[in-house]
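Chemist: return a 3D structure for these sequence lines:
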Amino acid sequence: MTKQFKYFLMITLSGFSILGFSENAINQCWAESTDHPEVYTCLAKKVALQQQILTNAYKKAQVSIENFAPANPPLAKRLLTELATTQQNFENYQKTQCQYVMNLADGGSGAGDMKAGCMIDLAKSQTLLLENYMGASS
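Modeler: Residues are numbered from 1 along each chain as shown. Next up, the predicted model:
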């Protein structure tokens, strides 16, 4: 591992620490097991759960828009289209960004963990945006 990569990794992980998302998920999974395949399975479950929470927030945002603009169908249609486009763009960004984060590990044993952490972080932040700005809170 190069000195530059170690420095970058330290900055990246400190960013996760500030967010408090993936570091907690990674630490939780490592606390449950010291077997890397089991840890990865744990992280995969956490990713799937967070993606489901995001999907639910997106669906609630759609309903919120429909309830917000029932008297103005053109506005509701435009807002729903924009929401769908935003979500598609987010999904593309999440996929690309998390692949990039994984590639930063240069094939190291933590690469999958880093990607899972990224997926969790971005899904949580998008969920928060949907809940805060689109009225999709539970």
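Chemist: what segments of the chain are helices?
Modeler: For the chain, helices defined by DSSP state H occupy the ranges 3-19, 22-32, 36-68, 73-104, 111-134.
Chemist: comparing those, which comes out most buried?
Modeler: Of all the helices of the chain, helix 111-134 carries the top mean neighbour count, a mean of 20, counting by mean count of other Cβ atoms under 10 Å. In short, each C-beta sits where N, CA and C put it, glycine included.
Chemist: report the angle between it and helix 73-104.
Modeler: Relative orientation of helix 111-134 versus helix 73-104 (axes from the mean of the first three to the mean of the last three Cα atoms, to 10 degrees): 160 degrees.
Chemist: pLDDT of helix 111-134, averaged?
Modeler: The average pLDDT for helix 111-134 rounds to 91.
Chemist: same thing with stretch 64-73?
Modeler: The predicted model assigns stretch 64-73 a mean pLDDT of 85.
Chemist: gap between the two ends of that stretch?
Modeler: Across stretch 64-73, the terminal residues are separated by 14 Å (Cα to Cα, to the nearest Å).
Chemist: chain center to that stretch, what's the gap?
Modeler: Going by Cα atoms, centre = their mean, to the nearest Å, the spacing between the C-alpha centre of stretch 64-73 and its chain's C-alpha centre is 28 Å.
Chemist: likewise for stretch 60-69?
Modeler: Chain-centre distance of stretch 60-69: 23 Å, with Cα atoms, centre = their mean.
Chemist: what does stretch 59-68 give?
Modeler: For stretch 59-68, the distance to the chain centre is 21 Å (Cα atoms, centre = their mean).
Chemist: ditto for stretch 108-117
Modeler: Chain-centre distance of stretch 108-117: 14 Å, with Cα atoms, centre = their mean.
Chemist: and what of stretch 114-124?
Modeler: Taking the mean of its C-alpha atoms, stretch 114-124 sits 4 Å from the chain's own mean (Cα atoms, centre = their mean).
Chemist: same question for stretch 103-112.
Modeler: Distance of stretch 103-112 from the chain centroid (Cα atoms, centre = their mean) equals 18 Å.
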